[in-house]
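Trainee: Pasting the sequence and the predicted coordinates here, then a few questions.
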Amino acid sequence: MKTAICYYSRHHGNTLQVLKAMAQEGTTDLIDVTARQAVHLEDYDCIGFASGIYFGKFHESVLRFARQYLPREKPVFFVCTYGGSAGAGTQALAELAREKGCPVLGEFGCQGYDTFGPFKLVGGIAKGHPNERDLENGRSFYRGLLESWDGGAQGSH
């Protein structure tokens, strides 16, 4: 299964660390949503969206990218990193997926070192994350997602 994961990862690169670990598990292209490039998501079997959580939400650049480029009826999944908790971080993307008839295959989240905003004053939170356990959990999530999706796709023929 050919997969694209469209992401925003800045500050400490937490989200990109998780995505690189996941990408080891299959044919995966990582697409930085801030890079100026021609994007053809219709060429992929499955599409992921990933971001750190900013004030309870995915970064706005990921949402704009998904609104513009997500094809109808493509299976999607979500990946996030966060300092405190994911909260309702994937809610806006899940709603967009529903509007476009895209089945949501799952979501993965883990803590990531966070010095954004007020956390900078206390030296950050979730120090040391994502750690090796977080990365292995991400790989495991992605393997399971690929296996279940491929099994479902093969069973539908």
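Mentor: Structure's in. What do you need? Numbers count the residues shown, from 1 in each chain.
Trainee: doesn't Glu136 make contact with Cys110?
Mentor: No: with contact defined as C-beta atoms under 8 Å, Cys110 does not reach Glu136; the gap is 10.3 Å. To be clear about C-beta, it is placed using only N, CA and C from the backbone, and glycine gets the same treatment.
Trainee: The residue minimising distance to the centre of the chain sits in which helix or strand?
Mentor: Centroid-nearest residue in the chain, with C-alpha atoms, centre = their mean: Ala50, separated by 2.4 Å. In this assignment (DSSP states H and E), Ala50 forms part of strand 46-54.
Trainee: neighbouring strands for the helix or strand just after that strand, and are they parallel or not?
Mentor: As assigned by DSSP H and E, the chain's next helix or strand after strand 46-54 is strand 57-58. Sheet neighbours of strand 57-58, with direction, are listed as strand 46-54 (antiparallel) (DSSP bridges).
Trainee: thinking again about what came up before, and the strand holding Ala50, how far out from the chain's middle?
Mentor: For strand 46-54, the gap between its own C-alpha mean and the chain's C-alpha mean amounts to 3 Å (C-alpha atoms, centre = their mean, to the nearest Å).
Trainee: partners of the residue nearest to the centre of the chain in the sheet?
Mentor: Note on Ala50: beta-bridge partners Tyr7, Val79, judged by DSSP bridges.
Trainee: Determine the longest helix present in the chain.
Mentor: For the chain, the helix that runs over the most residues, judged by DSSP state H, is helix 132-155.
Trainee: give me the low-pLDDT residue ranges for this structure?
Mentor: Filtered on pLDDT under 70, the chain yields the residue ranges 12, 113, 115-126, 150-157.
Trainee: ok, which stretches of it are helices?
Mentor: In order along the chain, the chain carries the following helices (DSSP H): 14-23, 60-69, 91-99, 132-155.
Trainee: Name the residues of the third one that are buried.
Mentor: Buried residues in helix 91-99, counted by 16 or more other C-beta atoms under 10 Å: 92-94, 96-97.
Trainee: okay, Cys110 and Glu136: which has more neighbours?
Mentor: Cys110 (23 against 12; other C-beta atoms under 10 Å).
Trainee: Count residues in the vicinity of the closest residue to that one other than its chain neighbours, would you?
Mentor: Spatial nearest neighbour of Cys110, excluding adjacent residues (C-beta to C-beta, 6 or more residues apart in numbering): Asp134 at 4.1 Å. Burial of Asp134, expressed as a neighbour count using other C-beta under 10 Å, amounts to 22.
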